[in-house]
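**Q** With the sequence up front, the predicted model follows.
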Amino acid sequence: MAFNVGSAPIGVLARALTGNVFIEKSLAYMNEGDKDGYNAYKHDIRNVLRARSVNPAASVSNTSEKKAFKRSLAVVESFETFDPADYHQYWREYQPEGEFQWEGLPAEVQATLEELFLGTSAEAAEEALTNGDADISLTGLVPQLESPALTNLNGAMPTPLQVVENTTIGYRKSSAATLTTDNIFDEMELLISKQNRAMRKRPGRKFMVSNATADLISQAQRNLQYKGVDITDEGVMRYAGFEIVTNPSFPDDAILLASMTGDFKTDAIQLGTSLSSDFNNLTVDRISNFGREWGMLLTFALDIFLVRPEEVCYRTASVIADEPAVKHKVTFSSADENGTVTATADGVAITSLDTVAEGSDLVFTAVPEATYKVAAWTLNGEVVSGNVTNTLTVENISAPVVVSVAFELA
């Protein structure tokens, strides 16, 4: 016996479809799909000025560009069995005699039981949309962000072909270093600095982080009295003017910066859902005519698609498999025999002439001999002005690095 078929989804079914952070916080444009899937459109209108012509249509085509990506919906189900006798406190008042009859219960009682058995379907859907689920053939947002098929633009503008084919990501940093109160703002600043020109024009750019990372940001702000963090009158936390959105399913030590407003034209993310009745179904029926058990089956369909990866900046602690990493040689030495120098890349010790990944943060530490101190640091042939401490930091490297340190009597 089926309910909700042929009408708009209600109750627990509606929540399963829309009760996720992407819909509830308007972070992604939502497409309505059917049994054949849905079209995720990348739509740009780039008006180009030119000299006036006699017949404008004869000399050039439209300046709009639209690419349709045909996507399939992952059809999923959630099924729970129950013995009505175990839950008689919910329904006995309305059916004091005879066998349990689902369709005879008041709507509010049905809703209570639906919530009891299937209420976490929305959380499961949010987890699948965020991190994917191979069992239901759904590739989530994070696996798409970490796809080795995407070429890292490192903040550069994509070519028109790269835009149309979705083959690049605006900026991606893969670092095993754990986010801490000491580096969280540096990592967020890095993502801000790596936005390309097209991304900077998008409205509604936001950070997405896990709940734990949001707590880390709050803690860092309290510890450092950092002025870049503020709370709006609505209670929304922001950094450098960018809203910080928490996704309970988002991985710790990861940060996403992208346009997320629920807008068809500008958003980096689109969703596909089955708001029509092609898949939506909530069925409650007896499992066996000879048994007391009943079954509650919920079916619906959904998908998520990173439609503008070239306008995304992403930091992850995951290793991107088979990604053609760009690496640079790091050379460091002492200019004399009055001390030595060591180095780390993203917190991991390295030796001179090692190659490290682009975007790494380098820290060089001078170790003077007794009675000596640092006289000067030299970075790529230039003296580092004003630094005579024992430490030199070079952040977000994008080219080979050569460092030398000289010592003098203390």
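**A** Yes, it's here.
**Q** Could you look up the next helix or strand downstream of the lowest-mean-pLDDT helix or strand in the chain?
**A** None of the helices or strands of the chain scores lower by mean pLDDT, DSSP states H and E than strand 2-3, at a mean of 38. Per DSSP states H and E, the first helix or strand lying C-terminal to strand 2-3 is helix 11-18.
**Q** Which residues does that next one contact?
**A** 4, 8-9, 24, 30, 78, 111, 114-115, 118-119, 121-122, 125, 273-275, 280-282, 298, 300, 302 (C-beta atoms under 8 Å, 6 or more residues apart in numbering). In short, each C-beta sits where N, CA and C put it, glycine included.
**Q** residues of stretch 24-32 that come out buried?
**A** Of the residues in stretch 24-32, those with enough neighbours to count as buried (16 or more other C-beta atoms under 10 Å) are 25, 27, 28, 29, 30, 31.
**Q** Distance from the chain centre to that stretch, please.
**A** Taking C-alpha atoms, centre = their mean, to the nearest Å, the mean C-alpha location of stretch 24-32 is offset from the chain mean by 14 Å.
**Q** Over to stretch 161-169?
**A** Centroid displacement of stretch 161-169 relative to its chain, using C-alpha atoms, centre = their mean, is 18 Å.
**Q** Which ones among the buried residues of stretch 24-32 lie within strands?
**A** Among the buried residues of stretch 24-32, the subset assigned to strands under DSSP state E consists of 29, 30, 31.
**Q** Looking at the residues you listed, which is nearest residue 357?
**A** Ranked by distance to residue 357 (C-beta to C-beta), these are led by residue 29 at 33.7 Å.
**Q** which residues does the closest one contact?
**A** 262, 263, 264, 267, 269, 270, 271.
**Q** Which ones among those residues lie within strands?
**A** Counting by DSSP E, those place 269, 270, 271 in strands.
**Q** any idea how far residue 368 is from residue 378?
**A** Spatial separation of residue 368 from residue 378 under the definition C-beta to C-beta, to the nearest Å is 16 Å.
**Q** Grab the nearest non-local neighbour of residue 388.
**A** The shortest distance from residue 388 to any residue that is not its chain neighbour, by C-beta to C-beta, 6 or more residues apart in numbering, is 5.0 Å, and that residue is residue 374.
**Q** In which helix or strand does the one you found reside?
**A** strand 372-379.
**Q** Same question for residue 301.
**A** Following DSSP H and E, one finds residue 301 within strand 294-306.
**Q** sec struct for residue 276, please.
**A** coil (DSSP: H, G, I helix; E, B strand; the rest coil).
**Q** Can you read off the backbone torsions of residue 103?
**A** Listed backbone geometry of residue 103 is phi -70, psi -10, with angles given as degrees, to the nearest 10.
**Q** whoops, I mixed them up, residue 204
**A** Torsion angles at residue 204 (phi, psi; degrees, to the nearest 10) stand at phi 70, psi 30.
**Q** low-scoring stretches of this structure, by residue?
**A** Under the criterion of pLDDT under 70, the regions of the chain flagged as low confidence span 1-9, 44-48, 58-66, 225-227, 289-291, 321-325.
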